[in-house]
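# quick one: sequence plus predicted model below, questions after.
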Amino acid sequence: MSLKKYKEKRNFSISPEPSGKSHSIVSHKRRLAYVIQKHRASQLHYDFRLEFKGVLLSWAVPKGPSLDPSVKRLAMQVEDHPLEYGKFEGTIPEGEYGGGTVMVWDKGDWIPESDDVSAALEKGDLKFTLEGKKLRGSWVLVRTRGFGSKPDKSWLLIKHRDKFASNEDIVATKPRSVLSKRLLADIASDNGGDVERAATGDPAKTPKSKAGMKRKVPAQNKKIRT
Ligand code: MN
(Lines give C-alpha, C1' and ligand atoms only; values in the text may rest on other atoms or scores of the structure.)
Protein backbone atom coordinates (compact mmCIF):
# COMPACT_ATOMS: atom_id res chain seq x y z
CA MET A 1 0.00 0.00 0.00
CA SER A 2 1.82 3.05 -1.21
CA LEU A 3 1.03 6.37 -2.87
CA LYS A 4 4.20 6.37 -4.97
CA LYS A 5 2.44 5.58 -8.26
CA TYR A 6 -0.37 8.00 -7.45
CA LYS A 7 2.10 10.85 -6.95
CA GLU A 8 4.21 9.97 -10.00
CA LYS A 9 1.23 10.31 -12.32
CA ARG A 10 0.12 13.74 -11.20
CA ASN A 11 1.32 17.34 -11.15
CA PHE A 12 -0.22 18.88 -8.03
CA SER A 13 0.79 22.38 -9.04
CA ILE A 14 -1.69 22.02 -11.93
CA SER A 15 -4.34 19.54 -10.75
CA PRO A 16 -6.63 20.36 -7.79
CA GLU A 17 -6.55 16.70 -6.66
CA PRO A 18 -5.20 16.01 -3.12
CA SER A 19 -1.44 15.42 -3.03
CA GLY A 20 -1.76 12.83 -0.27
CA LYS A 21 -0.43 13.00 3.26
CA SER A 22 1.08 10.06 5.09
CA HIS A 23 -1.29 8.38 7.50
CA SER A 24 -0.47 6.05 10.32
CA ILE A 25 -0.73 2.45 9.20
CA VAL A 26 -2.08 1.35 12.58
CA SER A 27 -5.81 1.51 11.99
CA HIS A 28 -7.63 -1.62 13.06
CA LYS A 29 -11.16 -0.30 13.13
CA ARG A 30 -13.69 -2.54 11.40
CA ARG A 31 -15.63 0.29 9.80
CA LEU A 32 -13.65 1.71 6.95
CA ALA A 33 -14.37 4.43 4.40
CA TYR A 34 -15.93 3.49 1.09
CA VAL A 35 -16.45 5.81 -1.88
CA ILE A 36 -17.33 5.57 -5.56
CA GLN A 37 -16.30 8.47 -7.78
CA LYS A 38 -17.95 8.79 -11.18
CA HIS A 39 -15.21 9.99 -13.50
CA ARG A 40 -15.78 11.35 -17.00
CA ALA A 41 -12.19 11.08 -18.24
CA SER A 42 -11.24 9.81 -21.72
CA GLN A 43 -13.73 7.05 -20.91
CA LEU A 44 -16.57 7.27 -18.41
CA HIS A 45 -15.94 4.96 -15.44
CA TYR A 46 -16.70 4.56 -11.76
CA ASP A 47 -13.72 4.53 -9.36
CA PHE A 48 -14.53 2.08 -6.56
CA ARG A 49 -12.42 2.78 -3.47
CA LEU A 50 -12.04 0.98 -0.15
CA GLU A 51 -10.00 2.30 2.78
CA PHE A 52 -7.32 -0.12 3.91
CA LYS A 53 -4.09 0.50 5.82
CA GLY A 54 -4.18 4.26 5.45
CA VAL A 55 -4.93 4.47 1.73
CA LEU A 56 -7.87 3.92 -0.64
CA LEU A 57 -7.54 0.67 -2.60
CA SER A 58 -8.94 1.54 -6.01
CA TRP A 59 -10.61 -0.19 -8.94
CA ALA A 60 -11.90 1.44 -12.14
CA VAL A 61 -15.30 -0.05 -13.04
CA PRO A 62 -16.19 0.96 -16.64
CA LYS A 63 -19.91 0.21 -16.37
CA GLY A 64 -20.31 0.97 -12.67
CA PRO A 65 -21.84 -1.35 -10.06
CA SER A 66 -24.90 -3.54 -10.71
CA LEU A 67 -27.43 -4.54 -8.06
CA ASP A 68 -28.21 -7.69 -10.06
CA PRO A 69 -26.28 -10.71 -8.66
CA SER A 70 -26.20 -12.32 -12.11
CA VAL A 71 -24.24 -9.36 -13.52
CA LYS A 72 -20.45 -9.30 -13.12
CA ARG A 73 -18.82 -5.92 -13.63
CA LEU A 74 -15.18 -5.69 -14.71
CA ALA A 75 -13.09 -3.78 -12.14
CA MET A 76 -9.51 -2.93 -13.10
CA GLN A 77 -7.32 -2.38 -10.06
CA VAL A 78 -5.49 0.95 -10.25
CA GLU A 79 -3.02 2.69 -7.99
CA ASP A 80 -3.82 3.29 -4.31
CA HIS A 81 -5.18 6.77 -3.65
CA PRO A 82 -4.83 9.01 -0.56
CA LEU A 83 -7.68 8.85 1.96
CA GLU A 84 -8.59 12.49 1.40
CA TYR A 85 -9.13 11.75 -2.30
CA GLY A 86 -12.52 10.33 -1.31
CA LYS A 87 -13.81 13.87 -0.76
CA PHE A 88 -12.59 15.15 -4.12
CA GLU A 89 -15.27 16.37 -6.50
CA GLY A 90 -14.29 18.73 -9.28
CA THR A 91 -12.39 19.06 -12.51
CA ILE A 92 -8.95 17.67 -13.34
CA PRO A 93 -7.43 19.91 -16.04
CA GLU A 94 -7.33 18.53 -19.59
CA GLY A 95 -3.94 17.09 -20.43
CA GLU A 96 -3.32 16.02 -16.82
CA TYR A 97 -3.60 12.39 -15.71
CA GLY A 98 -7.32 11.51 -15.57
CA GLY A 99 -8.27 14.88 -17.01
CA GLY A 100 -12.04 15.42 -16.80
CA THR A 101 -14.84 15.67 -14.27
CA VAL A 102 -15.07 13.78 -10.97
CA MET A 103 -18.27 13.28 -8.92
CA VAL A 104 -18.64 11.63 -5.51
CA TRP A 105 -21.34 9.19 -6.66
CA ASP A 106 -21.61 7.19 -3.42
CA LYS A 107 -19.97 7.13 -0.01
CA GLY A 108 -20.23 5.45 3.34
CA ASP A 109 -18.55 2.59 5.17
CA TRP A 110 -17.39 -0.86 4.18
CA ILE A 111 -17.08 -3.79 6.54
CA PRO A 112 -14.85 -6.73 5.58
CA GLU A 113 -16.58 -10.10 5.84
CA SER A 114 -13.33 -11.86 6.64
CA ASP A 115 -10.89 -11.19 9.48
CA ASP A 116 -7.82 -11.05 7.28
CA VAL A 117 -8.27 -8.49 4.50
CA SER A 118 -4.65 -8.81 3.34
CA ALA A 119 -5.07 -12.55 2.86
CA ALA A 120 -8.39 -12.03 1.03
CA LEU A 121 -6.75 -9.53 -1.33
CA GLU A 122 -3.82 -11.86 -1.89
CA LYS A 123 -6.21 -14.70 -2.64
CA GLY A 124 -8.24 -12.46 -4.97
CA ASP A 125 -11.55 -13.00 -3.17
CA LEU A 126 -12.64 -10.05 -1.02
CA LYS A 127 -16.13 -10.26 0.47
CA PHE A 128 -17.56 -7.22 2.19
CA THR A 129 -20.67 -5.32 3.22
CA LEU A 130 -21.34 -1.80 1.97
CA GLU A 131 -23.22 0.78 3.98
CA GLY A 132 -23.36 3.59 1.46
CA LYS A 133 -26.07 6.05 0.54
CA LYS A 134 -26.74 4.15 -2.70
CA LEU A 135 -25.07 0.74 -2.40
CA ARG A 136 -25.82 -1.55 0.53
CA GLY A 137 -25.54 -5.18 1.49
CA SER A 138 -23.06 -7.89 0.62
CA TRP A 139 -20.67 -7.75 -2.35
CA VAL A 140 -17.54 -9.50 -3.59
CA LEU A 141 -14.50 -8.47 -5.58
CA VAL A 142 -12.96 -11.54 -7.18
CA ARG A 143 -9.75 -11.52 -9.18
CA THR A 144 -10.11 -12.98 -12.64
CA ARG A 145 -7.82 -13.91 -15.51
CA GLY A 146 -7.80 -13.27 -19.21
CA PHE A 147 -8.91 -9.67 -19.53
CA GLY A 148 -6.46 -7.66 -21.60
CA SER A 149 -2.78 -7.10 -20.97
CA LYS A 150 -2.88 -6.90 -17.17
CA PRO A 151 -4.64 -10.08 -16.02
CA ASP A 152 -3.44 -9.69 -12.42
CA LYS A 153 -5.23 -6.32 -12.27
CA SER A 154 -8.56 -7.65 -13.51
CA TRP A 155 -11.28 -8.24 -10.92
CA LEU A 156 -15.05 -8.63 -11.06
CA LEU A 157 -17.41 -6.69 -8.80
CA ILE A 158 -20.51 -8.77 -8.02
CA LYS A 159 -23.54 -8.21 -5.79
CA HIS A 160 -24.39 -11.09 -3.47
CA ARG A 161 -28.01 -12.21 -3.14
CA ASP A 162 -29.61 -10.41 -0.23
CA LYS A 163 -32.46 -7.99 0.36
CA PHE A 164 -30.50 -5.17 -1.34
CA ALA A 165 -30.15 -7.07 -4.63
CA SER A 166 -32.52 -5.88 -7.37
CA ASN A 167 -32.99 -5.29 -11.07
CA GLU A 168 -32.83 -1.52 -10.63
CA ASP A 169 -30.23 0.01 -12.96
CA ILE A 170 -28.83 2.19 -10.19
CA VAL A 171 -26.24 4.04 -12.27
CA ALA A 172 -29.14 5.25 -14.47
CA THR A 173 -31.71 5.88 -11.72
CA LYS A 174 -29.32 7.63 -9.30
CA PRO A 175 -26.97 9.75 -11.43
CA ARG A 176 -26.34 12.60 -8.95
CA SER A 177 -23.55 13.38 -6.48
CA VAL A 178 -24.17 12.28 -2.89
CA LEU A 179 -22.13 15.31 -1.75
CA SER A 180 -23.75 18.08 -3.77
CA LYS A 181 -26.68 16.55 -5.72
CA ARG A 182 -25.02 17.87 -8.87
CA LEU A 183 -24.76 16.09 -12.22
CA LEU A 184 -21.39 15.84 -13.99
CA ALA A 185 -22.28 18.80 -16.25
CA ASP A 186 -23.05 20.94 -13.17
CA ILE A 187 -19.69 20.09 -11.62
CA ALA A 188 -17.84 20.86 -14.84
CA SER A 189 -19.73 24.13 -15.17
CA ASP A 190 -18.88 25.18 -11.61
CA ASN A 191 -15.17 24.42 -12.11
CA GLY A 192 -14.49 25.74 -15.60
CA GLY A 193 -14.45 22.24 -17.09
CA ASP A 194 -15.71 20.89 -20.40
CA VAL A 195 -19.47 20.94 -19.78
CA GLU A 196 -20.41 19.28 -23.08
CA ARG A 197 -18.07 16.36 -22.50
CA ALA A 198 -19.09 16.00 -18.85
CA ALA A 199 -22.75 15.96 -19.90
CA THR A 200 -22.15 12.84 -22.01
CA GLY A 201 -21.78 10.97 -18.70
CA ASP A 202 -25.13 12.26 -17.40
CA PRO A 203 -28.51 10.76 -18.32
CA ALA A 204 -30.11 12.27 -21.41
CA LYS A 205 -32.12 15.35 -20.49
CA THR A 206 -35.81 14.81 -19.85
CA PRO A 207 -38.58 17.38 -19.45
CA LYS A 208 -38.54 16.60 -15.71
CA SER A 209 -34.95 17.77 -15.28
CA LYS A 210 -35.86 21.06 -16.94
CA ALA A 211 -38.94 21.52 -14.77
CA GLY A 212 -39.50 25.16 -14.02
CA MET A 213 -37.49 26.37 -17.01
CA LYS A 214 -39.87 25.53 -19.80
CA ARG A 215 -43.28 24.09 -20.19
CA LYS A 216 -43.34 20.55 -21.47
CA VAL A 217 -43.13 20.19 -25.21
CA PRO A 218 -44.93 17.38 -27.04
CA ALA A 219 -42.67 14.37 -27.53
CA GLN A 220 -42.62 14.65 -31.31
CA ASN A 221 -41.17 18.18 -31.06
CA LYS A 222 -38.29 17.27 -28.76
CA LYS A 223 -34.82 17.46 -30.18
CA ILE A 224 -33.16 14.10 -30.59
CA ARG A 225 -29.70 14.07 -29.00
CA THR A 226 -27.14 12.49 -31.28
MN1 MN B 1 -10.68 7.46 -12.59
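Looks like it arrived, so ask away.
# what are the ranges of the helices in this protein?
4-8, 117-123, 170-173, 184-190, 195-199 (DSSP state H).
# most tightly packed of those?
Highest mean neighbour count among the helices of the chain (mean count of other CB atoms under 10 Å): helix 184-190, with a mean of 22. Placement of C-beta: from N, CA and C, glycine included.
# excluding chain neighbours, what is closest to residue 143?
Excluding its sequence neighbours, the residue lying closest to residue 143 (CB to CB, 6 or more residues apart in numbering) is residue 124, at 2.8 Å.
# can you redo the helices of the chain as a markdown table with mean pLDDT and distance to residue 68?
Shown next, in a markdown table, are the helices of the chain (pLDDT from 0 to 100; distance: least, CB to CB, whole Å):
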| stretch | mean pLDDT | distance to residue 68 |
| --- | --- | --- |
| helix 4-8 | 89 | 32 |
| helix 117-123 | 95 | 23 |
| helix 170-173 | 97 | 10 |
| helix 184-190 | 97 | 24 |
| helix 195-199 | 95 | 27 |
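# out of those, nearest to residue 84?
helix 4-8 (11.7 Å; CB to CB).
# quick one: the closest one near the ion?
No: Helix 4-8 lies out of reach of the ion by CB under 5 Å from the ion, never closer than 11.5 Å.
# by contact count, what packs against that helix?
strand 72-82 (3 or more CB pairs under 8 Å, 6 or more residues apart in numbering; DSSP states H and E).
# from the chain's centroid, how far away is the strand it packs on?
The chain centre lies 9 Å from the centre of strand 72-82; the measure is CA atoms, centre = their mean, to the nearest Å.
# what about the residue nearest to residue 143, how many residues nearby?
The tally of other residues near residue 124 (other CB atoms under 10 Å) stands at 14.
# and for residue 181?
8.
# from the ion, how far out is it?
For residue 181, the distance to the ion equals 21 Å [CB to the ion, to the nearest Å].
# list the contacts of the residue of the chain found nearest the ion.
In the chain, the residue that lies nearest the ion is residue 39 (3.7 Å; CB to the ion). Applying CB atoms under 8 Å, 6 or more residues apart in numbering to residue 39 gives the contacts 45-47, 60, 98, 100-103.
# flag every residue of this protein that's near the ion.
Checking the chain against the ion by CB under 5 Å from the ion, the hits are 39, 47.
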